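Undergrad: Need a 3D model of the sequence below.
(one chain, ligands or ions: 2)
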Amino acid sequence: MKILVTGGTGYIGSHTVVELQQQGFEVVIVDNLSNSQASVVDAIGRITGKRPSLEVFDLVDRDKTDDFFRRHNDIQGVIHFAAYKAVGESVANPLLYYRNNLVSLMNILESMATYQIENLVFSSSCTVYGQPDEPPVSETAPIKKAESPYGNTKQISEEIIQDTLKSTSLKAIALRYFNPIGAHESALIGELPLGIPNNLVPFITQTAIGIRQQLSVFGDDYNTPDGTAIRDYIHVVDLAKAHVVAVKRMIENRMKHHFEVFNLGTGNGYSVLDVIKSFEKVSGRKLNYVIVGRRPGDVEKVWADPSLSNRELGWKALKNLDEMNASAWKWEQYYRSKE
Ligand code: NAD
Ligand code: WQD
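TA: Ligands and ions are numbered 1, 2, ... in the order given. All right, here's what the predicted structure looks like:
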């Protein structure tokens, strides 16, 4: 069983490749290395004993994408992670995001139709829900107007996929991730943000190791128990395992509809201060942080209702916040020790 993983040298993709290989799938990765490094395939090989194959090109290139699918028309399914994901950058440069995230998807869908590859797992996001009226948020919650061009690419992508499957034999599962954090227990792969991290946990680990001076906590005047914003953090390995479950569901013809959507979260909401306390506990380090004003565009509180995924996929996130922070910290220390 051969699976194409686009964006497979990236953060979530690399963890998913490990889980796929460990479940006996053959994996071929396509990535243009715009936000990852080719050496990730060696790290994956050290974990699984098998180095996945990597083809480096831009999926926005229609001809190269088609040529890839022509040479790999025995692929059983595609997991499409490749996209740009920085919310702020998408506000500053929306066309970059629309072009990269939408054209790559359209190229893949066209090639899948041409070479009769029917199974697609798509990386969507909880960002499609915006600020939900009342968390927990289930898959039937209304899709609010996107807060950013990045979020809009995820909404439009889901629509493009739904329209495409009306006229082709495509089947698709969109997985809406909440806040993935943490790293593989081996510490051989993890999240590698370029430049100054936007996301909370990479900023915490980089502060603790001394690369950043101080963490800014964005707002303590939210309507939450400690005033800081609440999210549903999920261990990246739990998230990766859900992709294998989704791929098997498609290949084994167990889908109930040609398009299915699942939330991937733990169902637990933690505040920024909860995350900091957990990090301090598992690392044994005091974190240098300061409370500052809210970050524009941030929602107050959001966490998943994962009951549909639990029931239908038979999947459940197992790792707790301490385990997430401990693995993120182990990865940061291991990575910096090599520099
Ligand atoms: P990442 O940046 O680590 O991985 C994405 C990979 O795709 C990178 O390796 C990058 O080089 C590659 N890529 C980007 N554009 C490409 C193109 N045109 N052609 C070929 N390769 C390309 O990001 P991630 O955190 O692993 O996210 C994976 C997916 O999950 C993305 O679609 C993202 O939007 C989505 N997602 C991420 C989060 C999160 O918080 N990390 C949350 C929800 C959804
Ligand atoms: C988490 C919390 C911040 C950094 C983003 C995307 C979303 C999805 C997941 C892709 C918030 C606070 C953060 C810092 C802080 N990605 N924070 N200081 O914003 O929930 O979601 O990643 O689809 O679309 O928007 O994640 O990690 O940036 O923030 O206080 O230096 O930590 O305000 O409350 P977010 P995050």
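
Undergrad: Let me see the confidence value for Ile143.
TA: Confidence per residue is given as pLDDT, and for Ile143 that number is 92.

Undergrad: So it: helix, strand or coil?
TA: Using DSSP: H, G, I helix; E, B strand; the rest coil, the secondary structure recorded for Ile143 is coil.

Undergrad: show me what contacts it?
TA: Applying CB atoms under 8 Å, 6 or more residues apart in numbering to Ile143 gives the contacts 128-130, 155. Just so you know, the C-beta spots here come from the backbone N, C-alpha and C atoms, and that holds for glycine as well.

Undergrad: Now with 6 Å, please.
TA: When contacts are counted by CB atoms under 6 Å, 6 or more residues apart in numbering, Ile143 touches Val128.

Undergrad: And Gln23, by the same measure?
TA: Applying CB under 6 Å, 6+ apart as the definition, the contact partners of Gln23 turn out to be Val244.

Undergrad: and if you look at the one 5 residues further on?
TA: For Val28, the contact set (CB under 6 Å, 6+ apart) comprises 4, 53.

Undergrad: ok but it is inside a strand, no?
TA: Yes. Under the criterion used here (three-state DSSP), Val28 sits inside a strand.

Undergrad: so what's it bridging to?
TA: According to DSSP bridges, the residues that bridge with Val28 are Leu4, Ser53.

Undergrad: Touching, Asn32 and Asp58? I think so.
TA: Yes. In terms of CB atoms under 6 Å, Asn32 counts as a neighbour of Asp58; the distance is 4.3 Å.

Undergrad: For these two, indicate the residue with more neighbours.
TA: Under the neighbour definition other CB atoms under 10 Å, Asn32 and Asp58 were set side by side, and Asn32 has more, 20 against 17.

Undergrad: if I read this right, Gly182 contacts Ala328, doesn't it?
TA: Yes. Counting by CB under 6 Å, a contact exists between Gly182 and Ala328, whose distance comes to 5.1 Å.

Undergrad: give the contact list for the residue of the stretch 1-150 of the chain found nearest ligand 1.
TA: Nearest residue of the stretch 1-150 of the chain to ligand 1 (CB to the nearest ligand atom) works out as Gly10 at 2.0 Å. Taking CB under 6 Å, 6+ apart as the contact definition, Gly10 lies against 36, 81.

Undergrad: That one and Val60, how far apart?
TA: 16 Å (CB to CB, to the nearest Å).

Undergrad: Repeat that for Ala113.
TA: With CB to CB as the criterion, Ala113 and Val60 are 18 Å apart.

Undergrad: Ramachandran coordinates for Gln116?
TA: Dihedral angles phi and psi of Gln116 (degrees, to the nearest 10) take the values phi 50, psi 50.

Undergrad: what number of residues lie near it?
TA: Other residues lying near Gln116 total 10 when counted by other CB under 10 Å.

Undergrad: quick one: pLDDT of it?
TA: Model confidence at Gln116, given as pLDDT, is 96.
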